[in-house]
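Colleague: structure here, sequence nowhere to be found:
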């Protein structure tokens, strides 16, 4: 993925690389991995929050998937995370 990002940025002349591309690719890989890990934590937190309220959800016949999406959106907004 980092290779594709670097290639696209250089082809579009958004960046100009002087020297070795490896540090840039490593930095992009690190940012992407951190972002994916943050999204996984967000998902786990949303599922835990819904699990904590499972009885109320079951009694209300609400759609779990819709609620999960809304909870994830709310947590993402609160954390400044863009989904």
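Modeller: Nice, thanks for sending it over. Quick caveat: nothing in here was measured; it's all calculated off a predicted structure. Numbers count the residues shown, from 1 in each chain.
Colleague: by mean pLDDT, flag the weakest helix or strand of the chain.
Modeller: helix 54-60 (a mean of 85; mean pLDDT, DSSP states H and E).
Colleague: report the buried residues of it.
Modeller: Of all the residues in helix 54-60, not one is buried under the rule 16 or more other C-beta atoms under 10 Å. C-beta: built from backbone N, CA, C; applies to glycine.
Colleague: quick one: mean pLDDT for the helix or strand following that helix?
Modeller: Once helix 54-60 ends, the next helix or strand along the chain (criterion: DSSP states H and E) is helix 64-79. For helix 64-79, mean pLDDT is 94.
Colleague: in helix 64-79, which residues are buried?
Modeller: 67, 71, 72, 75, 76.
Colleague: what residues are up against the residue nearest the centre of the chain?
Modeller: In the chain, the residue lying closest to the centroid (C-alpha atoms, centre = their mean) is residue 39, at 3.6 Å. Neighbour list for residue 39: 81, 83 [criterion: C-beta atoms under 8 Å, 6 or more residues apart in numbering].
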